[in-house]
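Chemist: attaching a predicted model along with its sequence, questions to come.
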Amino acid sequence: MLKSKQAFLFVLLLLVGESRICSSNDVPKVPLFFTFQTKRDKNIKECNQPKMRECGRLILNQNQLETMVPGEIIPFSFDTDISLQMTRRRTRLGEGIQDYQFRTNDGGDALLIEVNRGWRRGDTALYGVVNTADKVYFIDNCGTACNVRYWMKKEDANKNRR
């Protein structure tokens, strides 16, 4: 428990430092998402699906997302080699709901839907998909202040859609 609290504080310090250090012309030094505990957590039902790999809690770099403009490129997360290029700025889908569209560095695409519950900053439900050449990453909400990311091989994800 102590290690996850330390990791969370480290991420918060990175976010605060990143927002003060980077100018709009700099390449972002931190990714759009931070992931923790990339293993199956039996307490989170979203992490216990068949053929799912590396499920981990997710923290959104909210400051980076809010300031991105189309054409800007940002790393997806520290534990992947995926970069995301914003193709369309946020679109409001309803009260407190917006989506963002990206292209991946290997020619795939990504969609992120953000639902602000309005209870407090940081309690945002995230839903999304990142299609790469060989994997599909899913972003899912798992409750209050809980979002996760996991992936499946592309062929397994396609079978699950049928």
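Modeler: Perfect, I can see it now.

Chemist: please verify my assumption that residue 136 contacts residue 110.
Modeler: No. Judged on C-beta atoms under 8 Å, residue 136 makes no contact with residue 110 at a distance of 10.1 Å. C-beta here means a position set from N, CA and C on the backbone, and glycine is covered the same way.

Chemist: common neighbours of the two, please.
Modeler: 129, 130 (C-beta atoms under 8 Å, 6 or more residues apart in numbering).

Chemist: of these two, which one has the most company?
Modeler: Using other C-beta atoms under 10 Å, the more surrounded residue of residue 136 and residue 110 is residue 110, with 23 against 20.

Chemist: tell me which helix or strand comes right after the helix or strand containing the more buried one.
Modeler: Using DSSP states H and E, residue 110 maps to strand 109-116. Counting by DSSP H and E, the next helix or strand C-terminal to strand 109-116 is strand 124-131.

Chemist: which secondary structure elements does the strand holding residue 110 sit against?
Modeler: Under the contact criterion of 3 or more C-beta pairs under 8 Å, 6 or more residues apart in numbering; DSSP states H and E, strand 109-116 touches strand 83-94, strand 97-104, strand 124-131.

Chemist: pull up the pairing partners for that strand, direction included.
Modeler: strand 97-104 (antiparallel), strand 124-131 (antiparallel) (DSSP bridges).

Chemist: list the contacts of that strand.
Modeler: 60, 65, 76, 84, 87, 90, 93, 96-104, 124-131, 139, 141.

Chemist: one more pass at 7 Å, please.
Modeler: Strand 109-116 is contacted from outside by 84, 96-104, 124-131, 139, using C-beta atoms under 7 Å, 6 or more residues apart in numbering.
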